[in-house]
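In: quick check, what structure comes out for this input:
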Amino acid sequence: MQIEKKDIRALTKEQLRNFFVSNGDKAFRGNQVYEWLWQKRAHTFEDMTNVSKETRAMLEANFVINHIKVDTLQRSEDGTVKNAVRLHDDLIVESVLIPTETRTTACVSSQVGCSLDCNFCATARLKRMRNLEPGEIYDQVAAIDNESRLYYDRPLSNIVFMGMGEPLMNYPNVMKAIDMITSNEGLGMSPKRITVSTSGIPKMIKKMADDEVKFKLAVSLHSAVEEIRNEIMPFTKNFPLTDLRESLEYWYRKTKSKITYEYVIWKGINDDKKSIDALVKFCKYVPCKVNLIEYNPIDDGMFQQASEEATNAYITALEKNNIVAKVRRSRGKDIDAACGQLANKS
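Out: As a prediction, the model looks like this:
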């Protein structure tokens, strides 16, 4: 029976160093291979040109590199690039490059499918098949950085975890991936340029605060009226708004980092005065800003984009209460680039 080889990127640098020492080699060889895996983004052991053939053969005999492959790439008329990413087990996730005049943002996935059951989201219909490994998350970012340099002649500037999956349901792997993305031994990006978006899991929001993370937090709120929120996001029955509010207050006390609320307005669901007033009230608990997101309909069902008048009513009410609000227009419509609810993150 053939033993399944371990993905070498699951090893820390120290573990790699120990592996080489235990196989009669020098510890520095581990540093060398580690650099190839992360900073130089090697896809195969053959790529490691300054490592001897014997060493590469030994690595090949013991490990694999479960690198992603961009299966199909689509470019929108507005410059958005959508990647269908094939994983080593042939499962597919999406990642998206969102360009503006001044920046390029990667929208990346954290799970295959999703653990949650938001009724308006296409990914939720897939159900969760598995969590992504740290290397698979890292690879999405590295691939989009390459595309940013190729198509826009500049490195990737920002990352949002707003693709497939709930990042806080894959917390250890997401954190390891961010550690490598921000490390000088990886992509060296500033954590301040990374936003993790959650549907609102209070316990995990508090854990992030306790872990003293340096990245930004966004919450997909969509309603500050309990019964409406429970209707559109059934899992929130276990996470009431009072618990969410408490966790966000805790987050701000510990991090002093302002929260972004992602909020889609739907016709006949949350486009009334009651919903507007509830959001304004909720926004006053913790320093925040609001992104009002244009909706990409996934069918002809109950979720349809609200009128321009409803959007303007939200903006007027929020601004009147000194709450920063922006409308984020949907991007990549001609390629159906719905990365979660893909929005212009400029």
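In: how close does the closest residue to residue 201 other than its chain neighbours sit to residue 259?
Out: In space, and not counting its chain neighbours, residue 201 is closest to residue 168: 4.9 Å by Cβ to Cβ, 6 or more residues apart in numbering. Placement of C-beta: from N, CA and C, glycine included. Distance, residue 168 to residue 259, using Cβ to Cβ, to the nearest Å: 14 Å.
In: tell me how far the nearest residue to residue 169 once chain neighbours are set aside lies from residue 92.
Out: Distances taken as Cβ to Cβ, 6+ apart put residue 115 closest to residue 169, at 4.4 Å, once the chain neighbours are dropped. Residue 115 sits 18 Å away from residue 92, going by Cβ to Cβ.
In: repeat that for residue 75.
Out: Shown here: residue 75 relative to residue 92, a distance of 18 Å by Cβ to Cβ.
In: wait, residue 154 sits on residue 104?
Out: Yes. The pair residue 154 and residue 104 qualifies as a contact (Cβ atoms under 8 Å) at a distance of 6.6 Å.
In: among these two, which residue is more densely surrounded?
Out: Counted by other Cβ atoms under 10 Å, residue 154 and residue 104 do not tie: residue 104 has more neighbours, with 22 against 13.
In: please name the bridge partners of the more buried one.
Out: residue 99 (DSSP bridges).
In: just the pLDDT at it, thanks.
Out: Residue 104 is assigned 97 on the pLDDT scale.
In: so who does it touch?
Out: Neighbour list for residue 104: 97, 98, 144, 148, 152, 154, 155, 156, 157, 158 [criterion: Cβ atoms under 8 Å, 6 or more residues apart in numbering].
In: coming back round to it: give the contact list for the residue nearest to residue 201.
Out: Residues near residue 168 by Cβ under 8 Å, 6+ apart: 174, 196, 198, 201, 204, 205, 208.
In: ok so the second one is a strand residue?
Out: Read that as residue 196. Yes. According to DSSP: H, G, I helix; E, B strand; the rest coil, residue 196 belongs to a strand.
In: for it, give the beta-bridge partners.
Out: With DSSP bridges as the criterion, residue 196 is bridged to residue 161, residue 217.
In: wait, it sits on residue 219?
Out: No. Applying Cβ under 8 Å as the test, residue 196 and residue 219 come out as separate, 10.0 Å apart.
In: now residue 253: how far from residue 276?
Out: 27 Å.
In: hey, where'd the strands end up in the stretch 51-200 of the chain?
Out: All strands of the stretch 51-200 of the chain, identified by DSSP state E, counting those that start in this stretch, fall at 63-64, 69-75, 81-86, 92-99, 104-107, 111-112, 130-131, 158-161, 194-198.
In: so can I have CSV of those showing distance to residue 179?
Out: What follows is these, written out as CSV (distance: least, Cβ to Cβ, whole Å):
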stretch, distance to residue 179
strand 63-64, 21
strand 69-75, 24
strand 81-86, 21
strand 92-99, 19
strand 104-107, 17
strand 111-112, 19
strand 130-131, 16
strand 158-161, 13
strand 194-198, 11
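In: tell me, how many residues neighbour residue 260?
Out: Look at residue 260: counted by other Cβ under 10 Å, it has 22 neighbours.
In: thinking again about what came up before, now, of the strands of the stretch 51-200 of the chain, which is deepest in the fold?
Out: strand 104-107 (a mean of 27; mean count of other Cβ atoms under 10 Å).
In: so for stretch 31-41, mean pLDDT?
Out: What stretch 31-41 shows for mean pLDDT is 96.
In: outside of it, which residues touch it?
Out: 8-9, 13, 16-17, 20, 42, 47-48, 50-51, 59, 65, 138-139, 142, 180, 183, 185-186.
In: can you check which residues contact both of residue 154 and residue 104?
Out: The overlap between the contact sets of residue 154 and residue 104 (Cβ under 8 Å, 6+ apart) consists of residue 148.
In: what's the burial count for residue 26?
Out: Look at residue 26: counted by other Cβ under 10 Å, it has 11 neighbours.
In: ah, wrong one, I meant residue 190
Out: Here the count is done by other Cβ under 10 Å, and residue 190 has 12 residues near it.
In: pLDDT score for the closest residue to it other than its chain neighbours?
Out: Spatially, and ignoring its direct neighbours in sequence, residue 190 is nearest to residue 182 (6.9 Å; Cβ to Cβ, 6+ apart). pLDDT, residue 182: 98.
In: and for residue 129?
Out: 85.
In: how close does the residue lying closest to it once chain neighbours are set aside sit to residue 49?
Out: Once flanking residues are discounted, residue 129 sits nearest to residue 112: 4.2 Å by Cβ to Cβ, 6+ apart. Residue 112 is 33 Å from residue 49, where distance means Cβ to Cβ.
In: what of residue 258?
Out: Counting by Cβ to Cβ, the gap from residue 258 to residue 49 is 46 Å.
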